[in-house]
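> sequence plus predicted model, see below.
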Amino acid sequence: MSRQGRMTIRQATPKDIPFVVEQESRADYRHYIQHWSFEQHAEALHNPDLRYHLIVGSDGGRLGYTIHTGLLSPHRSIYLQRLVVVEPGQGVGRLLLMRLMEIAFEQWGAHRYWLHVFSENARARALYRSLEFQEEGQHRDAILLYGVFKSPISMAVLEDEWWANLHAQIDPKTFPSIA
Ligand SMILES: CC(C)(COP(=O)(O)OP(=O)(O)OC[C@H]1O[C@@H](n2cnc3c(N)ncnc32)[C@H](O)[C@@H]1OP(=O)(O)O)[C@@H](O)C(=O)NCCC(=O)NCCS
């Protein structure tokens with residue numbers, strides 16, 4: 001169990017947007033994630049194709065968040081648009097991602113769960129690889145971020161891979177509960 005105690009996943013509300021904007025403005029994250037304005041998040045929060053989730057500690061403090069798109073995808077293809085934790089390297093990202101993958105495959109009926117990661121983001125790539133995401137290709141200079149062209153790599157897990165290997169890795173004792 002982490003020092004945050006039993007963690008909980010809940011859907012975001014408009015009151016969470018300042019937290020999300022603050023995380024996306026962090027100097028140490030600016031080369032790893034894209035950032036949206038307050039207004040873009042406020043609009044996205046009401047888009048039925050998107051879902052925002054927060055992970056919170058036992059005291060309710062916000063520890064991280066995800067944004068997914070593709071909820072309305074006819075291809076059952078769920079895209080992890082954003083994954084951010086406040087304190088990296090403590091295992092929170094793994095728990096948050098595993099929980100949301102479980103929701104995607106087991107509640108939303110995903111066939112494919114995928115994302116983009118910048119090649120230099122070693123920590124995120126290590127996490128995805130350890131969860132058996134397959135690298136599917138690199139989009140050279142596809143994103144211009146703070147004046148620098150970035151080359152995102154697409155990575156994905158398919159539903160049979162989830163059920164074959166990953167589902168069994170869920171540890172009910174530490175897995176975040178759902179609010
Ligand atoms: C990416 C992110 C969500 C991962 O969450 P986290 O809580 O830091 O990740 P965890 O601690 O659960 O796991 C990180 C793994 O990477 C490993 N790792 C950490 N730093 C590393 C590095 N520099 N190189 C390689 N592996 C590294 C850790 O050992 C750990 O693996 P393990 O569980 O097998 O020991 C988080 O670091 C973050 O918010 N980063 C900034 C935003 C971002 O990059 N988001 C993803 C965009 S695609």
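Arrived safely, thanks for sending. Being a predicted model, the structure only gives us computed values, none of them experimental. Numbers count the residues shown, from 1 in each chain.
> which helix or strand lies directly C-terminal to the lengthiest helix in the chain?
Assignment by DSSP state H gives helix 92-106 as the longest helix of the chain. Toward the C-terminal end, the helix or strand that comes next after helix 92-106 (DSSP states H and E) is strand 112-118.
> quick one: mean pLDDT for that following strand?
Averaged over strand 112-118, pLDDT sits at 98.
> returning to that earlier point: ok, the longest helix of the chain near the ligand or not?
Yes. Helix 92-106 is in contact with the ligand by CB under 6 Å from any ligand atom, via 92-94. (C-beta placed from N, C-alpha, C; glycine too.)
> closest one of these to Ala164?
Arg94 (18.8 Å; CB to CB).
> the closest residue to that closest one other than its chain neighbours: what secondary structure?
Excluding the flanking residues, the one nearest Arg94 by CB to CB, 6 or more residues apart in numbering is Leu127, at 6.1 Å. Judged by DSSP: H, G, I helix; E, B strand; the rest coil, the three-state class of Leu127 is helix.
> next up, the contacts around Leu127.
Applying CB atoms under 8 Å, 6 or more residues apart in numbering, we find Leu127 in contact with 93-94, 97.
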